[in-house]
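[1] quick one, what's the 3D model for this:
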Amino acid sequence: MIVPYSHLLFDLDGTLTDPKLGITKSVQYALKRLGIEIEDLDQLDPFIGPPLMQSFTEIYSFSEEQASQAITYYREYFSEQGIFENELFSGMIELLEQLIHEGRSLYVATSKPTLFAERILRYFKLDSYFTYVSGSHLDGTRSAKGDIIQHVLEEKRLSAADCVMIGDRKHDMIGANLNHMDSIGVEYGYGSREELEGAGATVVVATVNDLRRQLCGASFSAR
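    Residues are numbered from 1 along each chain as shown. So this is what the prediction gives:
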């Protein structure tokens, strides 16, 4: 008999909620302040998921100083408006309620600053479902997903063998692997099946309903 995972770590952006409008408009605002005009918000989708410092340096070849300034501008918009330009994925509440009913413990592991993640969870009335929220610091430290997952394990004294990381980008899968943890990649977010499988996802699911079927009442095992 396969025993369900006791502890489930969820990414936030692209996994629990669809943050596209708020994130891309915040990036658009930041770039405009730096003299770069982007009209098509779809071009900024790659910013959804990875740490902002990494995205600004890799996508726009910013220096660390330029990227830090861009993040400051980003937060000017995001903290007041972009944080609420966000939608909860359909079926997510039902999934979380069923997991809680089955006695699971739920955690958020996100590269977003913890302060913003907690505000989003309260806004969507999701905070009561989660035992602990681990994100990055506002100064940019602890932004790598592997470090964030490790922090949850250490802070809550969890065994990786009892846990699974659920996320939509390669960083979630890589972070799980670094911590010797199984992972579920979700295609309904912003990473493709190819990206998720290439990063070592244990399983990839297409929809929230597929995730629910994967998690509730049974679990997979790749061991």
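
[2] which residues of this structure score low on pLDDT?
    1-3, 217-223 (pLDDT under 70).

[3] wait, a strand at I166?
    Yes - under DSSP: H, G, I helix; E, B strand; the rest coil, I166 sits within a strand.

[4] give the contact list for it.
    Shown in contact with I166 (C-beta atoms under 8 Å, 6 or more residues apart in numbering): L8, L9, F10, D11, T15, D172, S183, I184, V186, L211. (Glycine included, C-beta is placed from N, CA and C.)

[5] let's go with 10 Å and repeat that
    5, 8-11, 15-16, 106, 109, 172, 176, 182-186, 189, 201, 203, 205, 211, 214-215 (C-beta atoms under 10 Å, 6 or more residues apart in numbering).

[6] partner residues bridging it?
    In this entry, I166 is beta-bridged to F10, I184, by DSSP bridges.

[7] ok, it to G135 distance?
    16 Å (C-beta to C-beta, to the nearest Å).

[8] now G175
    Applying C-beta to C-beta to G175 and G135 gives a distance of 13 Å.

[9] shared neighbours, these two?
    Each of A109, S111, I148 lies in contact with both G175 and G135 under the rule C-beta under 10 Å, 6+ apart.

[10] top of those by neighbour count?
    A109 (31 neighbours; other C-beta atoms under 10 Å).
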